[in-house]
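# what's the 3D shape of this:
(one chain, ligands or ions: 1)
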Amino acid sequence: MIIFYCFLKSWFFINSDAENLKVMAELWLRYVNFEEREKRLIPFIEEVLREHECRKVLDAAAGIGFEAYALSMDGFEVIANEYNPELRKVMREFLRKRVNVEITGFNWKDFDKHFDKESFDAVLCLGNSLTYLINEDERKKVVSNFYNILRDGGVLLIDTREYFSNGLPKEKLMGSFYYNDEDFSVLLKSKKGPYRYVLYDEITGKKYEEEVYPITREELKKLLEEVGFSIVIEYSDLEEGVRKDAVFYQFVAMK
Ligand SMILES: C[S@@+](CC[C@H](N)C(=O)[O-])C[C@H]1O[C@@H](n2cnc3c(N)ncnc32)[C@H](O)[C@@H]1O
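Predicted coordinates:
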């Protein structure tokens, strides 16, 4: 009886996780602001890549694949890694119609098993992706993996979202050019943690929810330096320097 109950319980959780990943993939297609990313994010990324003579790029959290598509169109050799199998399916379809990009589906924690050391000129980890790692040791392991697969002089482009305002979680997480906010409510649930990120679709009523760790700008910078990046340049919504009212902070970390 107990075994049967455990089986049912685990089946339910596996199933509801799978459903959550599916909803995420579905919402992401509408949530990502392609136009603004094309106008602002892509020129920013490409300027950094050209400045550091990067040709071979790994998008470690490729999502829907928009950045992989745009960079590949502009002549970069891109590998698009997406760990969520549902999002990977959507990405595969999105890219298949447009460009020929290699697709992988690895967990960042296993990058050392799948990619050779120093095999990329650049690694991208954008869209506040590192927030999905709750544990500090895991974050360190993952950022070290990014570091190790970069060649000397290569760059990691990574960002984090500002979840707090005056020390408290923001009421709603809105106002980034990365996303189409209008039809969604985005929240960070809980005041002190564990924290849950909630993306609620006001049109369809569907909801994607995941535990996150709201890594701050200072914590991310410290982590990049600890792992060994020699120069770390900070940007606030793509402008160099630190601006308190920014929604996203980007880092260009050089090996
Ligand atoms: C918020 S999405 C961002 C996607 C995309 N970069 C964007 O800006 O739209 C977070 C991404 O992190 C990825 N991710 C989270 N944990 C991961 C892990 N342990 N290994 C690999 N990818 C992971 C997810 O699969 C997802 O693509």
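# what pLDDT does the closest residue to the ligand within the chain get?
Closest residue of the chain to the ligand, C-beta to the nearest ligand atom: residue 127 (2.1 Å). Any C-beta I mention is one placed from the backbone N, CA and C, and that applies to glycine too. With respect to pLDDT, residue 127 has a value of 97.
# wait, isn't it in contact with residue 63?
Yes - contact criterion C-beta atoms under 8 Å: residue 127 and residue 63 qualify, at 6.0 Å.
# Give me the more crowded residue out of those two.
It is residue 63, of residue 127 and residue 63, that has more neighbours when counted by other C-beta atoms under 10 Å, with 25 against 22.
# per-residue confidence for that one?
The predicted structure lists residue 63 with a pLDDT of 96.
# for residue 252, same thing?
98.
# Look up how far residue 155 lies from the closest residue to it other than its chain neighbours.
Spatially, and ignoring its direct neighbours in sequence, residue 252 is nearest to residue 233 (4.6 Å; C-beta to C-beta, 6 or more residues apart in numbering). As judged by C-beta to C-beta, to the nearest Å, residue 233 and residue 155 stand 10 Å apart.
# joint contacts of the two?
Common contact partners of residue 233 and residue 155 (C-beta atoms under 8 Å, 6 or more residues apart in numbering): 252-253.
# Have a look at these two and say which one is more surrounded.
Set residue 233 next to residue 155 and count neighbours by other C-beta under 10 Å: residue 155 wins out with 27 against 13.
# Just the helices from this structure, written as ranges.
For the chain, the helices defined by DSSP state H occupy 2-31, 34-36, 42-51, 66-73, 85-96, 111-114, 136-149, 217-227.
# any chance of the ones you listed in JSON lines, plus mean neighbour count and mean pLDDT?
Formatted as JSON lines, the helices of the chain follow (neighbours: other C-beta atoms under 10 Å; pLDDT from 0 to 100):
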{"stretch": "helix 2-31", "mean neighbour count": "13", "mean pLDDT": "67"}
{"stretch": "helix 34-36", "mean neighbour count": "12", "mean pLDDT": "96"}
{"stretch": "helix 42-51", "mean neighbour count": "16", "mean pLDDT": "98"}
{"stretch": "helix 66-73", "mean neighbour count": "22", "mean pLDDT": "96"}
{"stretch": "helix 85-96", "mean neighbour count": "18", "mean pLDDT": "93"}
{"stretch": "helix 111-114", "mean neighbour count": "14", "mean pLDDT": "98"}
{"stretch": "helix 136-149", "mean neighbour count": "18", "mean pLDDT": "98"}
{"stretch": "helix 217-227", "mean neighbour count": "17", "mean pLDDT": "97"}
